[in-house]
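*Asks:* here is a sequence with its predicted model. Questions after.
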Amino acid sequence: MTLIVKIGYNIFMVASTVSFVLRALLVMMLWIFVWRFVEPKTQFMRIVRATLLVLCLLGVLVVLKITGG
């Protein structure tokens, strides 16, 4: 491999790693936001919180698939 090819590969690897970390942080921040601000006091609210988490995580998946992440 030439130096230019190696540098290009390293830049791609770093960009891919940064993208993965940002996606993981997005999912964790969304999870923490919903978990903290929807405080269940009844069984029904626990079901609502779980449903809201699933819908939000599916929404993140859709956005990432559309944007090519």
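*Replies:* Great, that's in hand. As the structure is a prediction and not an experimental result, all values here were calculated from the model. Numbers count the residues shown, from 1 in each chain.
*Asks:* so which bits of the helix or strand where Val14 lies are buried?
*Replies:* Using DSSP states H and E, Val14 maps to helix 3-37. By 16 or more other Cβ atoms under 10 Å, the buried positions in helix 3-37 come out as Val34. C-beta: built from backbone N, CA, C; applies to glycine.
*Asks:* who are the packing partners of that helix?
*Replies:* Helices and strands in packing contact with helix 3-37 are listed as helix 43-67; criterion 3 or more Cβ pairs under 8 Å, 6 or more residues apart in numbering; DSSP states H and E.
*Asks:* now stretch 47-55: average pLDDT?
*Replies:* For stretch 47-55, the mean pLDDT works out to 91.
*Asks:* list the contacts of it.
*Replies:* Contacts made with stretch 47-55 from outside it, assessed by Cβ atoms under 8 Å, 6 or more residues apart in numbering, are listed as Trp31, Val34, Trp35, Val38, Pro40.
*Asks:* turn those residues into JSON lines, including pLDDT.
*Replies:* Shown next, in JSON lines, are the contacts of stretch 47-55 (pLDDT from 0 to 100):
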{"residue": "Trp31", "pLDDT": "86"}
{"residue": "Val34", "pLDDT": "86"}
{"residue": "Trp35", "pLDDT": "85"}
{"residue": "Val38", "pLDDT": "85"}
{"residue": "Pro40", "pLDDT": "86"}
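*Asks:* distance to Leu57 added to the residues you listed, as JSON lines?
*Replies:* Conversion of the contacts of stretch 47-55 to JSON lines gives the following (distance: Cβ to Cβ, whole Å):
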{"residue": "Trp31", "distance to Leu57": "8"}
{"residue": "Val34", "distance to Leu57": "9"}
{"residue": "Trp35", "distance to Leu57": "12"}
{"residue": "Val38", "distance to Leu57": "14"}
{"residue": "Pro40", "distance to Leu57": "18"}
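*Asks:* rewinding a little: quick one: the helix holding Val14 to helix 43-67, angle?
*Replies:* Using axes from the mean of the first three to the mean of the last three Cα atoms, to 10 degrees, the interaxial angle of helix 3-37 with respect to helix 43-67 works out to 160 degrees.
*Asks:* relative to Leu53, how far out is the most centrally placed residue in the chain?
*Replies:* Within the chain, one residue has its C-alpha closest to the average C-alpha position: by Cα atoms, centre = their mean, that is Val27, at 3.2 Å. Here the distance between Val27 and Leu53 works out to 10 Å (Cβ to Cβ, to the nearest Å).
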